[in-house]
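Undergrad: Any chance you could fold what I've pasted below:
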Amino acid sequence: MNKELRANIIRVLVFILLQVFLLKDVQIVMGSVQYLYIILYPLAIVMLPLNMPHFFLLLSAFGMGFMVDLFYGSIGVHASASLWLAAARPIILKYLEPKSGYSAGLIISGGSLGIFWFLQYVSFSLLVFFFSYFCMEMFSFVYLDTIVLKTIISLFVSGLIIFLIQIIWNPKY
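TA: Predicted coordinates:
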């Protein structure tokens, strides 16, 4: 097993374990609605290698979402949101592609392409993830205002935590 594959497997396992054992019970409720969800495991999908075939990207995202669904007791909500993220990932990467293109073997992180690029990439990715997650959770556009509010709040808080993780992970910014 090569070093990059091992690092990706460890990253995925760490984020899934962090999500299901630590962040699952974090709840901030206003009235009868929980508006804040801290979901960090999509970062593992976002940071998968650029050269990964799309089929394996979708399969990996489904597997991660399914594992989280097993622990959360949800039926496919995380898996479907992860699949939406994996499907949107090539579009987001194409939109944010530098003029010189991506170099072969590039590892996606704040250190490789700059923290501003990484924050844009994570923000667009989390926007897709959270919007699809809350659409599946509510399963109706009648609650569009609640879906948008939950998406914005969760995007901001999770994005801030991911930014702090990147700073801790690679402190040379």
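Undergrad: make it CA atoms for all contacts and neighbour counts henceforth
TA: OK.
Undergrad: buried stuff in the helix or strand harbouring I91?
TA: Assigned by DSSP states H and E, I91 belongs to helix 77-95. Within helix 77-95, the residues scored as buried using 16 or more other CA atoms under 10 Å are 77-87, 89, 92-93.
Undergrad: looking only at pLDDT, what's the mean for it?
TA: Mean pLDDT, computed over helix 77-95, is 92.
Undergrad: And I168, how far from S123?
TA: Separation of I168 from S123 (CA to CA, to the nearest Å) stands at 19 Å.
Undergrad: When those two are compared, which one has more neighbours?
TA: Using other CA atoms under 10 Å, the more surrounded residue of I168 and S123 is S123, with 18 against 11.
Undergrad: ok, the more buried one touching I152?
TA: No: here S123 does not reach I152: they are 10.5 Å apart, not a contact under CA atoms under 8 Å.
Undergrad: quick one: buried residues of stretch 149-163?
TA: In stretch 149-163, counting by 16+ other CA under 10 Å, buried: L149, K150, T151, I152, I153, S154, L155, F156, S158, G159, I162, F163.
Undergrad: Looking at those, which one is closest to M138?
TA: Checking the buried residues of stretch 149-163 against M138 by CA to CA gives K150 as the nearest, at 11.0 Å.
Undergrad: Quick one: classify that closest one as helix, strand or coil.
TA: helix (DSSP: H, G, I helix; E, B strand; the rest coil).
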